[in-house]
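Enquirer: Predicted model, plus sequence, below.
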Amino acid sequence: MVGRERGTGKPINTVELWIPLTIAAAFGQNLRSALQKHLVGELSTLGATYSRFVFGVPFAALYLYLILQVTDESIPSLSGAFLIYGALGGLSQIAGTQFLITAFQYRNFAVATTYSKTEALQTALVGLILLGDTLTPLATFAIVVGAVGVIIMSMAHTDLSLNGVVGSLGQPAALLGLTCGAGFGIAAVCYRAASLELGGSFVLSSAVTLFYVLAFQTLAMGLYLAATNRAEIVNVFKAWRVTGLVGLVGMLSSAGWFAAMTLQNAAYVRALGQVELLFTFAASIFVFREQIKSLEVWGTLLVIGSVLLLIYAA
């Protein structure tokens, strides 16, 4: 797919750009999650999430400054639509995370985790409704295959069966999982919409969007924690050696996501982003020497197949 970079008139090959950006973002997200595991016991889930935002803001500001210096562009005017899309995306991402955390309070939280994996499918639906983003039949099939593969992989370490997953649709945990996936899907599409509202190159527009969203999320979560658990804010800064790394890696990962979603339909990006599970799968085998279940193998093959189909379809 060849398009033109907004504001420059230069041709760009989005096939060459959005794919490596997405893969790099998925790898960074995997690394960020690993770093956040070191915060277990020191911070609550809210605190760990907040650290990603509050320490990400200064790095995002530096990233934006460097882009402005290199490209010699100026920050475009921020429309009302941009501000609304960015804020809605930021809140949706926070809400999606909290819905998943709430689901863990239920006995069968594995159901919630499984249904949250429908994020890519829900992103496609939200993108169609909000932006009119359409998918080719092959891309739709690839996303469905990937979603099935991800669901199978998530079932591998539980007592769930396919019939059990389908039969649990009406359970609160399942509804929370679906809502979680919807939250992440809405966030992805809103980030794309916000970035597309800006002029200039995709690099600059995605960087401006990233900085605004992180600043908004930091403010929103900071106000919430200040009202409910002020001590947790202090704990976040006490653990700055790890939380600072979480912020840096999280920002770099988000920069990849935002740039990729500016170039390409968010559903394609989120579906390809499922390669993160392949990184986790590889680490499980080669680093931790864990025993692999047959469901994981089948799920992995489906995800790999969906990724190859998606790249071909794009």
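Expert: Thanks, I have the structure now.

Enquirer: list the helices and strands the helix or strand harbouring residue 154 packs on?
Expert: Secondary structure from DSSP states H and E places residue 154 in helix 137-155. The contact analysis (3 or more CB pairs under 8 Å, 6 or more residues apart in numbering; DSSP states H and E) places helix 137-155 against helix 109-116, helix 119-131, helix 162-167, helix 266-272, helix 275-286, helix 294-313. To be clear about C-beta, it is placed using only N, CA and C from the backbone, and glycine gets the same treatment.

Enquirer: Need the winner for burial among these.
Expert: Highest mean neighbour count among the helices and strands packed on helix 137-155 (mean count of other CB atoms under 10 Å): helix 266-272, with a mean of 30.

Enquirer: and that one, C-alpha only, in CSV?
Expert: What follows is helix 266-272, C-alpha atoms only, in CSV (Å, rounded to 0.1, in the frame of the first residue of the first chain):
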residue,chain,number,x,y,z
ALA,A,266,-6.1,0.4,13.8
ALA,A,267,-7.6,-3.1,13.4
TYR,A,268,-4.7,-4.2,11.3
VAL,A,269,-2.2,-2.8,13.8
ARG,A,270,-3.8,-4.4,16.8
ALA,A,271,-4.2,-7.7,15.0
LEU,A,272,-0.6,-7.7,14.0
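
Enquirer: what about the stretch 151-300 of the chain, any weak spots by pLDDT?
Expert: Segments of the stretch 151-300 of the chain classed as low confidence (criterion: pLDDT under 70) are 156-171, 287-288, 290.

Enquirer: Recalculate using a threshold of 90.
Expert: Scanning the stretch 151-300 of the chain with the threshold set as pLDDT under 90 gives 151-178, 180-181, 199-200, 273-300.

Enquirer: and the gap between residue 289 and residue 283?
Expert: Between residue 289 and residue 283 the distance, using CB to CB, to the nearest Å, works out to 10 Å.

Enquirer: swap that for residue 183, sorry
Expert: According to CB to CB, residue 183 and residue 283 sit 27 Å apart.

Enquirer: now residue 214
Expert: 27 Å.

Enquirer: that older thread, and the helix holding residue 154, how far out from the chain's middle?
Expert: Centroid displacement of helix 137-155 relative to its chain, using CA atoms, centre = their mean, to the nearest Å, is 17 Å.

Enquirer: can you check stretch 135-144 too?
Expert: Chain-centre distance of stretch 135-144: 20 Å, with CA atoms, centre = their mean.
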